[in-house]
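1. predicted model follows, preceded by the sequence.
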Amino acid sequence: MSNVKQNDIISVLKSEIEDYDRKMTVKETGTIINIGDGIAAVYGLDHAMYGELVEFETGVRGIVQNLEQKTIGCVLLGSDYGLTEGSRVVRTKKKAGVPVSDHLIGRVVDALGSPIDGKGPIEANEFFPIENEAPGVCDRKSVSVPLQTGILAIDSMFPIGRGQRELIIGDRQTGKTSIAIDTILNQRGQEVICIYVAIGQKASTVAKIVSTLNKHGAMDYSIVVSAFASDLAPLQYIAPYAGTAMAEYFMKRGKDVLIVYDDLSKHAVAYRTMSLLLERAPGREAYPGDVFYLHSRLLERSSRLDEAHGGGSITALPIIETLEGDVSAYIPTNVISITDGQIFLESELFFAGIRPAVNVGLSVSRVGGAAQTKAMKKSAGSLRIDLAQFREMEIFTQFSSELDRSTKDLLDHGNRIVELLKQPLSKPLPLHEQVILLYAANNRMLNDIPVKQIETFRNDLMEYFRTKHPQILEEIDTNIALTDELTSQIKKIIKEFKK
């Protein structure tokens, strides 16, 4: 070999050695000592934190859930295929989280924030942890802005405010999801971002909901987060937290968000499955003792922030399924005690054709009255008391043949209110329509109309207002208050229409 070639090689080697950048990385690794049912016991990760993401050698990630003396318990967020005892696990030193951005709006994503609607990847500019501390009392503001559901029975008697947590509770197939979906549809033009979290639902059910939202143009301001019934228990467990992380991203930018958890009964079951596999001690109804903390730390994150913190809000509508109307069961009582009121849906009313099947006696809103518009407050009047009296009297009088005049009037008035409060699916009512109909009902202006004709009467009356007196509707929507002059005009127009 010539000297020239040798010199060339030496100079290349010298430059390589000089340019060599020493980068030393330390990775904390552990090994799997036991794996099965989506749970892995890992030895060697002594400094791992609760809720931290870890990465397995196949690329699957997991979340640290158990911290024991010598091992940690991890739940896998994917298939355990290819993982065996002795497989390596690496700490990421990051809390489990989801990518967030404005591009999430209009998309269907899984519990990890990955798109599942076939519309391509989502650009994300930030990463929010799924577990986050709830805003403190000093950061919050009292609930005073209404969140209109468009459902007459709810907006008049159990109003919901922005930043409130209102539980929807009832047996299977009583219209719980329908109330939540109608509320989402009613947010069109209200500058509210809606997030629907499906936990343990069938893929066909979620597809049907997405189709309904698309049909009514609601996907323009909505995000659907789904952990299907076929998904692993850990994915069903993190789905509501992932949805809340997305909601917090928008809230911190001063926006109002509505989040629906459908449903937390299945969430508790997924958590129970996961906990029992992690060998945590079962307590009442085989749920571990911290199941209350599971939902309280989730729902506490819904609030209304003051102006200094952006002024945004998260309004939560958690759904709980009861068995045979038993609201005193473990999970229902837990969630009732966390929320600011509940809308109880009754099977008997639902099967009797009274839909939404809201039970007036057991339903309550502990905050919403403060957020109700003046127009709604004035027009609703004594509606709830009248309806409660009617239900009571109906039970007492079902076996008696002769009724006195006052009882007969009370029953007639009650029957008309019940008929008025019936509402078809996906047809939320605007504020002006609710106010006019409630005014007519409370002022006994429907009592001379046969019960079977109430629906036709209300449709024709509103059409009459829209075509002949649109300025009245505009005034109600603009001022959101009923002046004496306006009420006298409404009364005059209703009488005019009845003639």
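-> Nice, thanks for sending it over.
2. pretty sure residue 497 belongs to a helix, no?
-> Yes - counting by DSSP: H, G, I helix; E, B strand; the rest coil, residue 497 falls inside a helix.
3. where does the stretch 251-400 of the chain have low pLDDT?
-> 400 (pLDDT under 70).
4. can you give me the strands in it?
-> Using DSSP state E, counting those that start in this stretch, the strands of the stretch 251-400 of the chain run over residues 256-262, 313-321, 341-345, 364-365.
5. of those, which is nearest residue 159?
-> Closest to residue 159 of the strands of the stretch 251-400 of the chain, according to CB to CB: strand 364-365, at 5.8 Å. Any C-beta I mention is one placed from the backbone N, CA and C, and that applies to glycine too.
6. helices or strands next to the closest one in the packing?
-> strand 341-345 (3 or more CB pairs under 8 Å, 6 or more residues apart in numbering; DSSP states H and E).
7. any chance of the strands of the stretch 251-400 of the chain in CSV, plus mean neighbour count and distance to residue 122?
-> Listed next are the strands of the stretch 251-400 of the chain as CSV, based on neighbours: other CB atoms under 10 Å; distance: least, CB to CB, whole Å:
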stretch, mean neighbour count, distance to residue 122
strand 256-262, 27, 18
strand 313-321, 26, 21
strand 341-345, 24, 33
strand 364-365, 20, 36
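8. so which of these is nearest residue 414?
-> Of all these, strand 341-345 comes closest under CB to CB, at 18.9 Å.
9. thinking again about what came up before, could the strands of the stretch 251-400 of the chain go into TSV alongside distance to residue 495?
-> Putting the strands of the stretch 251-400 of the chain into TSV (distance: least, CB to CB, whole Å) gives the following:
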stretch	distance to residue 495
strand 256-262	39
strand 313-321	39
strand 341-345	34
strand 364-365	33
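10. next, the angle strand 313-321 makes with the longest helix anywhere in the chain.
-> Longest helix of the chain, by residue count under DSSP state H: helix 233-251. Angle, helix 233-251 to strand 313-321, by axes from the mean of the first three to the mean of the last three CA atoms, to 10 degrees: 150 degrees.
11. how does the chain divide into domains?
-> Domain assignment for the chain, taken from automatic domain parsing, gives 29-95, 99-372, 378-498.
12. any idea which of these is most buried?
-> Highest mean neighbour count of the domains of the chain: domain 99-372, a mean of 20 (counted as mean count of other CB atoms under 10 Å).
13. quote the end-to-end distance of that domain.
-> Domain 99-372 has an end-to-end distance of 35 Å (criterion: CA to CA, to the nearest Å).
14. secondary structure element for the closest residue to residue 486 other than its chain neighbours?
-> Among residues not flanking residue 486 along the chain, residue 475 sits closest, at 6.2 Å (CB to CB, 6 or more residues apart in numbering). Secondary structure from DSSP states H and E places residue 475 in helix 470-479.
15. list of residues touching that helix?
-> Here helix 470-479 makes contact (CB atoms under 8 Å, 6 or more residues apart in numbering) with 375, 430-433, 435-436, 465-466, 482, 486, 489-490, 493.
16. looking at these, which are in helices?
-> Going by DSSP H, the helices hold 375, 431, 432, 433, 435, 436, 465, 466, 486, 489, 490, 493 from those.
17. of those, closest to residue 132?
-> residue 431 (34.0 Å).
18. per-residue pLDDT, the closest one?
-> For residue 431, the pLDDT comes out at 94.
19. which stretches in the stretch 301-450 of the chain count as helices?
-> 330-338, 347-351, 374-380, 383-397, 405-421, 431-442 (DSSP state H, counting those that start in this stretch).
20. could I get those helices as TSV with distance to residue 97?
-> Compiled in TSV, those are given as follows (distance: least, CB to CB, whole Å):
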stretch	distance to residue 97
helix 330-338	24
helix 347-351	40
helix 374-380	40
helix 383-397	43
helix 405-421	43
helix 431-442	38
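21. low-confidence regions, the stretch 1-150 of the chain specifically.
-> Residue ranges of the stretch 1-150 of the chain with pLDDT under 70: 1-5, 19-26.
22. and with 80 instead?
-> Filtered on pLDDT under 80, the stretch 1-150 of the chain yields the residue ranges 1-8, 11-27.
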